[in-house]
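Colleague: got a structure for you, letters missing:
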Ligand SMILES: *[C@@H]1O[C@H](CO)[C@@H](O)[C@H](O)[C@H]1NC(C)=O
Ligand SMILES: *[C@@H]1O[C@H](CO)[C@@H](O)[C@H](O)[C@H]1NC(C)=O
């Protein structure tokens, strides 16, 4: 009987990990102490008596990111790394700037759902469902004030459809959502994924793979 309870307990514990996003807080706040040498899932708490209002503050999201790069976009992230008060709270924020015709290339956040709104301009946004749902592409054109959600873990992208700069604000359901940019991870890993593997995976000549790898 007790063995059954232990096994049931383990199954329940595993389920709650599998279905949860960031763990729920067990106190009012746990402001990140980036100087602590202790490694935990998250960041160690600063002594609550030493916590200041500034620990809950990030300044600068009114500033445009520099979009003079290959893709024509720039993400200003406000995660636990930039705002220590986010530690254990399961949420973060970002500003995304787009040059005319700029894109935020296909990427995924391994730990977060993302909800996005357009502040300025017009965007084409989309995400691709998992293999189970036949990799269906779901896209929408968004105007100022429209809100769109990218479900946790799915590959998604945005493109500026206008001839002016565009700006979006996004909230994410993790203090540290993480980003995997598909092109960089697949063709720009360090060291490279062997080209013959990618040639077979993408069903192209190996020289096509070498050419793409050389860009990253
Ligand atoms: C994004 O913009 C910031 C601020 O202008 C700049 O420091 C950073 O290098 C830019 N990042 C990319 C990837 O262009
Ligand atoms: C933006 O980034 C480009 C490329 O790195 C750089 O040449 C340019 O000076 C930057 N612009 C500003 C305003 O910082």
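Modeller: Looks like it arrived, so ask away. If you're wondering where the values come from, they're calculated on a predicted model, not measured in any experiment. Numbering: from 1, shown residues only. Ligands and ions are numbered 1, 2, ... in the order given.
Colleague: Quick one, grab the pLDDT at the most centrally placed residue in the chain.
Modeller: When Cα atoms, centre = their mean is applied to the chain, the residue found nearest the centroid is residue 109 (3.3 Å). Residue 109 is assigned a pLDDT of 98 by the prediction.
Colleague: Was I right to think it contacts residue 177?
Modeller: Yes - in this structure residue 109 lies within contact range of residue 177 using Cβ atoms under 8 Å: 4.0 Å. No exception for glycine: its C-beta is placed from N, CA and C like everyone else's.
Colleague: what sits against the residue nearest to the centre of the chain?
Modeller: The contact partners of residue 109, by Cβ atoms under 8 Å, 6 or more residues apart in numbering, come to 150, 152, 153, 172, 174, 177, 178, 179, 180.
Colleague: likewise residue 56?
Modeller: Going by Cβ under 8 Å, 6+ apart, residue 56 touches 29, 31, 83, 85.
Colleague: Which residues of the chain lie near ligand 1?
Modeller: 65, 66, 69, 74 (Cβ under 6 Å from any ligand atom).
Colleague: What is the most widely separated pair among those residues?
Modeller: The distance between the two most remote of the residues of the chain next to ligand 1 (Cβ to Cβ) is 9.6 Å, for 65 and 69.
Colleague: Tell me which of those two has more neighbours.
Modeller: In terms of neighbours (other Cβ atoms under 10 Å), residue 65 is the more surrounded of residue 65 and residue 69; the figures are 16 against 11.
Colleague: hang on, residue 54 in a strand?
Modeller: No - going by DSSP: H, G, I helix; E, B strand; the rest coil, the assignment for residue 54 is helix, not a strand.
Colleague: pLDDT-wise, which helix or strand of this structure ranks last?
Modeller: When the helices and strands of the chain are compared on mean pLDDT, DSSP states H and E, helix 2-19 comes out lowest with a mean of 47.
Colleague: Output the contacts of residue 109 in TSV; the columns should cover secondary structure.
Modeller: Formatted as TSV, the contacts of residue 109 follow (three-state DSSP):
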residue	secondary structure
150	strand
152	coil
153	coil
172	strand
174	coil
177	coil
178	coil
179	coil
180	strand
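Colleague: For the protein, just list every one of the helices.
Modeller: Along the chain, counting by DSSP state H, helices occupy 2-19, 182-187, 195-202, 206-215.
Colleague: sorry, back to before: the residues of the chain next to ligand 1 in strands, which ones?
Modeller: In this view, those that belong to strands under DSSP state E are residue 74.
Colleague: Pipe the residues of the chain next to ligand 1 into TSV and attach pLDDT per row.
Modeller: Listed next are those as TSV, based on pLDDT from 0 to 100:
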residue	pLDDT
65	98
66	98
69	97
74	98
